[in-house]
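Enquirer: Here's a sequence, model it:
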Amino acid sequence: MVILVVDDEPAALRKMERTLKKIYSGREDVTILCADNYIDALAFSREKPAIAFLDVEMPEMTGIELAGRLRKVNPRLNIIFVTAYDEFAREAYALHASGYLTKPFVQEDVEGELAQLRYPVEREVSANIPETAVQQNPSAGAVRRLRVQCFGNFEVFSEERPLHFQRRGAKEILAYLISLKGASATRLEISSAMWETAEEIEQKKDYFRILVSALRQTLKKYNAEDVLITSRDSFAVNTQALDCDYYHYLEGDPAAQNQYLGMFMQQYPWAEEMNALLSGQLMDY
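Expert: Numbers count the residues shown, from 1 in each chain. Below you'll find the model as predicted:
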């Protein structure tokens, strides 16, 4: 198995190389290739790496752009973006990245991403990852970890048990973002859906932050932090981390189409418009 590491910062490049060598210590079938520029990285693509750790902020060609080029060579390449900022998370997930690391990282962070690769490799990647890392993330290896029910009342499940949300508003924020199918929304857009008047929206500005914090805590409790993508005043969900009946319905899945009986997130008034659209599609079948 070949692993490609690309970072224009020598110290960061060496750190990732050392970390991977520790993780795969004793694995003679693992080769780690390092590049500090996009030209060498593209040349290394001939070695058909199974995993690529790409720094996002690089001169001449960003990690996002490089990922697109590498994917043309190998569509099933597991890409893990590495950056000092989280503002690129939505772009990363739009490319169906396998993972996202924020600097500074530690070995356990890298192990966690390796345990959740999107595409299988020739040999089980987690074979040499300490058992404790897998125990910390019992859903490791699953592409979609939370099951979402949008038809009828909105509910979210982990291992077929409903998630416990500390605040109902936090659950509603997640529902609204899921209804957007990965598109982003600002605080004002979400608040306008949840509360009626401009005065109420302004009064609850601080409360909204509390709700977002509560949502993060709930997702972290169920090892699903990567579901929520935030960047400044922008919020979205990583659709690839969800097993959602609504998404399956839109994909034309017959089972999901049979599950929709004219009710969509019926506990939320703002969902009525989407329900009307779906009901119109249902009548066309």
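Enquirer: Would you mind measuring from the closest residue to V30 other than its chain neighbours to L278?
Expert: Distance criterion C-beta to C-beta, 6 or more residues apart in numbering; nearest residue to V30, sequence neighbours excluded, is Y24 at 4.3 Å. C-beta here means a position set from N, CA and C on the backbone, and glycine is covered the same way. In this view, Y24 and L278 are 48 Å apart by C-beta to C-beta, to the nearest Å.
Enquirer: go on, A41?
Expert: Using C-beta to C-beta, one gets 44 Å for the distance from A41 to L278.
Enquirer: Next: S192.
Expert: Relative to L278, and taking C-beta to C-beta, S192 is found at 22 Å.
Enquirer: so V212 makes contact with I173?
Expert: Yes - counting by C-beta atoms under 8 Å, V212 does reach I173; the two are 6.7 Å apart.
Enquirer: out of these two, which sits in the busier spot?
Expert: The residue with the greater number of neighbours, taking V212 and I173 and applying other C-beta atoms under 10 Å, is I173; the counts read 25 against 19.
Enquirer: Contacts only, for the more buried one.
Expert: For I173, the residues meeting the contact criterion (C-beta atoms under 8 Å, 6 or more residues apart in numbering) are I190, M194, L211, V212, L215, F235.
Enquirer: try it again with 10 Å
Expert: 165, 167, 185, 187, 190-191, 193-194, 208, 211-212, 214-215, 228, 235 (C-beta atoms under 10 Å, 6 or more residues apart in numbering).
Enquirer: and if you look at E202?
Expert: By C-beta under 10 Å, 6+ apart, E202 lies in contact with L188, S191, W195.
Enquirer: buried subset of the residues you listed?
Expert: In terms of neighbour count (16 or more other C-beta atoms under 10 Å), the buried residues within the contacts of E202 are S191, W195.
Enquirer: Are there helices or strands packed against the helix or strand harbouring I229, and which ones?
Expert: Taking DSSP states H and E as the definition, one finds I229 inside strand 228-231. For strand 228-231, the packing partners by 3 or more C-beta pairs under 10 Å, 6 or more residues apart in numbering; DSSP states H and E come out as helix 89-94, helix 168-179, helix 205-221, strand 234-237.
Enquirer: Flag every buried residue along stretch 25-32.
Expert: With the criterion 16+ other C-beta under 10 Å, stretch 25-32 contains buried residues V30, I32.
Enquirer: Tell me the spacing between A185 and W270.
Expert: Remark: distance between A185 and W270 (C-beta to C-beta) = 11 Å.
Enquirer: any low-confidence regions in the stretch 1-150 of the chain?
Expert: 85-96, 122-144 (pLDDT under 70).
Enquirer: what about 50?
Expert: Low-confidence regions of the stretch 1-150 of the chain, defined by pLDDT under 50, span residues 123-144.
Enquirer: all helices for it, in order.
Expert: In order along the chain, the stretch 1-150 of the chain carries the following helices (DSSP state H, counting those that start in this stretch): 10-23, 38-44, 63-73, 89-94, 107-114, 131-136.
Enquirer: okay, the angle between the first one and helix 107-114?
Expert: Relative orientation of helix 10-23 with respect to helix 107-114: 70 degrees, computed using axes from the mean of the first three to the mean of the last three C-alpha atoms, to 10 degrees.
Enquirer: quick one: the nearest residue to Q217 once chain neighbours are set aside and Y222, what's the gap?
Expert: The shortest distance from Q217 to any residue that is not its chain neighbour, by C-beta to C-beta, 6+ apart, is 6.9 Å, and that residue is Q166. Taken as C-beta to C-beta, the spacing of Q166 relative to Y222 amounts to 13 Å.
Enquirer: and the residue nearest to Q217, what does it touch?
Expert: With contacts defined as C-beta under 10 Å, 6+ apart, Q166 is in contact with I210, L211, S213, A214, L215, Q217, T218, K221.
Enquirer: can these go into CSV with extra columns for pLDDT, distance to Y119 and neighbour count?
Expert: Below are the contacts of Q166 laid out as CSV (pLDDT from 0 to 100; distance: C-beta to C-beta, whole Å; neighbours: other C-beta atoms under 10 Å):
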residue, pLDDT, distance to Y119, neighbour count
I210, 92, 38, 14
L211, 94, 35, 24
S213, 92, 33, 13
A214, 92, 34, 18
L215, 95, 29, 24
Q217, 92, 31, 14
T218, 93, 29, 22
K221, 90, 28, 13
